[in-house]
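Colleague: With the input below, show me the fold.
(one chain, ligands or ions: 2)
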Amino acid sequence: MRKFFSYGPLSKTQHYYVPRTKLIEFGINQLVGEPYEEGGHYITVWAPHQRGKTWLMANVLWQLMDDERFDVLKINLQHLQSQPSAQIVLQKIADYISSHLSIQPMPINNLDEFMQLFGQGHLSKPLILMMDEFDSLHPEIIGEIVRIFRNIHVTRYEYPLPTEQKPYLLHGVALIGVRAVLGLDNVSSSPFNVQQSMHIPNLTYEEVDSMFHWYEQESGQTVEQGVIDRLFHVLQGQPGLTGWFGELLTETYNKHNPTIAMKDFDLVYKTAVQALPNANILNIVSKAKT
Ligand SMILES: Nc1ncnc2c1ncn2[C@@H]1O[C@H](COP(=O)(O)OP(=O)(O)O)[C@@H](O)[C@H]1O
Ligand SMILES: [Mg+2]
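Modeller: Ligands and ions are numbered 1, 2, ... in the order given. All right, here's what the predicted structure looks like:
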């Protein structure tokens, strides 16, 4: 049987989830571009923790992987968080790209060499690149990478050739993180301006409702509608907290009565707020309302 889950990206086979098809489609369209030949967009995906950014963009990745016209990669940068050397960060990104695309590794000693990584001489197909936890990098390194991408974007624009013939093959980019990187979104000359950012909302009432009805079907237990309503009212569809409360209601504090009732919710809420190690809960709950 499926479970509610709140510890990172969900599995479509093991957990209750919301398909978020429209958002996935939006991400795909942005990165692929219309018309495709002119290239995709360079977008940012900024949203608070546990909004489902990683899950969504992983789904974008999986669908894009079926397209033969381009390569697509998603790199998680969190492990480079405490790395102060731009050279090492750029080299690691380059190594990741080269090894995943099975192309010749390239030594990166400076920004120019990093830029050449995306050039015709090195890549063989247009590339869509997603960088998760991008904002965990040092601000200076962020600035350097963004400048390179901006440069590539402008150069691509200036060559009126189809995407696969442009001097740089970086077709689309998604920078993913929890906070807008300073000076990135509000510079109008930046490809990463506000218009190109992808908003990730909380789950809607219907979406939260659907997960609990799914649970009812699988478990044979009913969930009082009032519980779902109250849960939505308190958490405002914040994806991670919704999963966590789902887990508490259907597993941890489930008394296995035929119905999960309001008094069960009250107990879960009280325990969640007071006792569990997730000290941030009040903070998150209050943020979820904004
Ligand atoms: N499509 C979804 N349907 C239901 N819950 C989701 C969905 N996406 C994310 N969540 C919830 O949010 C949590 C965090 O998801 P994740 O993709 O890691 O978010 P982020 O990258 O924004 O921190 C998941 O563990 C799950 O509880
Ligand atoms: Mg994430």
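
Colleague: name the element the residue of the stretch 151-290 of the chain found nearest ligand 2 belongs to?
Modeller: Nearest residue of the stretch 151-290 of the chain to ligand 2 (C-beta to the ion) works out as I176 at 7.0 Å. Any C-beta I mention is one placed from the backbone N, CA and C, and that applies to glycine too. Using DSSP states H and E, I176 falls within strand 170-177.

Colleague: Average pLDDT for that strand, rounded please.
Modeller: Taken as a whole, strand 170-177 has a mean pLDDT of 96.

Colleague: That one packs against which elements?
Modeller: Packing partners of strand 170-177 (3 or more C-beta pairs under 8 Å, 6 or more residues apart in numbering; DSSP states H and E): helix 21-32, strand 42-46, helix 53-64, strand 127-132, helix 139-158.

Colleague: Mean neighbour count and mean pLDDT added to those, as TSV?
Modeller: Below are those laid out as TSV (neighbours: other C-beta atoms under 10 Å; pLDDT from 0 to 100):
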stretch	mean neighbour count	mean pLDDT
helix 21-32	17	97
strand 42-46	23	91
helix 53-64	20	97
strand 127-132	22	98
helix 139-158	17	92
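
Colleague: Let me know which of those is the nearest to H171.
Modeller: Closest approach to H171 among the helices and strands packed on strand 170-177 (C-beta to C-beta): strand 127-132, 5.4 Å.

Colleague: got the CA coordinates for the closest one in CSV?
Modeller: What follows is strand 127-132, C-alpha atoms only, in CSV (Å, rounded to 0.1, in the frame of the first residue of the first chain):
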residue,chain,number,x,y,z
LEU,A,127,21.7,20.7,-24.0
ILE,A,128,19.0,21.5,-21.5
LEU,A,129,20.6,21.9,-18.1
MET,A,130,18.9,22.0,-14.7
MET,A,131,20.8,22.9,-11.6
ASP,A,132,19.0,22.1,-8.3
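
Colleague: chain center to that strand, what's the gap?
Modeller: 11 Å (C-alpha atoms, centre = their mean, to the nearest Å).

Colleague: In the sheet, which strands lie alongside it, parallel or antiparallel?
Modeller: Note on strand 127-132: by DSSP bridges, its sheet partners are strand 71-76 (parallel), strand 170-177 (parallel).

Colleague: how many degrees apart are the next helix or strand after the first one and strand 71-76 in direction?
Modeller: Per DSSP H and E, the first helix or strand lying C-terminal to strand 71-76 is helix 86-100. Orientation check (axes from the mean of the first three to the mean of the last three C-alpha atoms, to 10 degrees): helix 86-100 against strand 71-76 gives 140 degrees.

Colleague: Now do helix 86-100: everything it contacts.
Modeller: Residues outside helix 86-100 that contact it (C-beta atoms under 8 Å, 6 or more residues apart in numbering): 73, 75, 77, 80, 83, 103-111, 114, 117, 127, 129, 131, 137-138, 140-141, 144-145.

Colleague: Now with 6 Å, please.
Modeller: L73, I75, L80, Q83, P105, M106, I108, F114, L117, I141, E144 (C-beta atoms under 6 Å, 6 or more residues apart in numbering).

Colleague: dump the residue contacts of the residue of the stretch 151-290 of the chain closest to ligand 2.
Modeller: For I176, the contacting residues are V45, K53, M57, D132, F134, by C-beta under 6 Å, 6+ apart.

Colleague: Could you measure from the first one over to ligand 2?
Modeller: For V45, the distance to ligand 2 (C-beta to the ion, to the nearest Å) stands at 10 Å.

Colleague: For beta bridges, what are the partners of that residue?
Modeller: Beta-bridge partners of V45, counted by DSSP bridges, are I176.

Colleague: any idea how far ligand 1 is from it?
Modeller: Going from V45 to ligand 1 by C-beta to the nearest ligand atom, to the nearest Å gives 9 Å.

Colleague: mind listing what that residue touches?
Modeller: V45 touches K53, A174, I176, M198, counting by C-beta under 6 Å, 6+ apart.

Colleague: out of the residues you listed, which touch ligand 1?
Modeller: Residues of the contacts of V45 in contact with ligand 1 (C-beta under 6 Å from any ligand atom): K53.

Colleague: Next one, pLDDT for the closest residue to L203 other than its chain neighbours please.
Modeller: Sequence neighbours aside, G237 is the residue nearest to L203 in space, at 3.7 Å (criterion: C-beta to C-beta, 6 or more residues apart in numbering). Model confidence at G237, given as pLDDT, is 96.

Colleague: so who does G237 touch?
Modeller: Contacts of G237 (C-beta under 6 Å, 6+ apart): N202, L203, V208.

Colleague: go on, N202?
Modeller: Q236, G237, Q238.
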